[in-house]
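Student: let me see the structure of the following:
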Amino acid sequence: IIAAGDRHAVVVTEFGTAYAWGSNEAGCCGRPFPPALARPVPVVVPDTSRTRPAHDPTDGGPVNEVPFPNWARWEGRRHPPSLADDVRITAAAAGTSFTVLVCASGRLLVCGANDAGQLGVAPCCEQIVPAVPVAHPLE
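Tutor: Alright, predicted model coming up:
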């Protein structure tokens, strides 16, 4: 998936990560600096709020809830990174100095200019970086 704004672009990979490049005016590429990116860089997303069950490996003890990390441990294996559904990007839209990312869970992450409230987060402000979730109106 590729989205193009006025002066920046965003691509979503098959693994659910987003990369952006071009003018980073107002942080629309998901990072506060530099002002321009000559090559694709990962869009910074918040940590997941998901947890996963974990067993005590020493005795097969009780199941405990532990944070689900944004990235799987590579440990030299060749497998794709594992992202929780609330941070795994499935679609992107790019506007004039802002970016909207849609996660597998339906959650929206936004970054960039918000001077006219175009990101759907209040209060209106000059910029929002890194990407932040938008509260769902029915939650």
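
Student: residues near residue 42, how many?
Tutor: Around residue 42 there are 13 other residues, counting by other CB atoms under 10 Å. Heads up, the C-betas are built off the backbone N, CA and C, glycines and all.

Student: am I right that it is in contact with residue 16?
Tutor: No: if you go by CB atoms under 8 Å, residue 42 and residue 16 don't touch, sitting 11.4 Å apart.

Student: and the residue nearest the centre of this structure?
Tutor: By CA atoms, centre = their mean, the chain has its centre lying nearest to residue 45, at 3.3 Å.

Student: shouldn't it be in contact with residue 130?
Tutor: Yes: if you go by CB under 8 Å, residue 45 and residue 130 touch, sitting 7.0 Å apart.

Student: can you get me a residue count around the nearest residue to residue 44 once chain neighbours are set aside?
Tutor: Using CB to CB, 6 or more residues apart in numbering and skipping the chain neighbours, the partner closest in space to residue 44 is residue 130 (3.6 Å). As a burial measure, residue 130 scores 15 neighbours (other CB under 10 Å).
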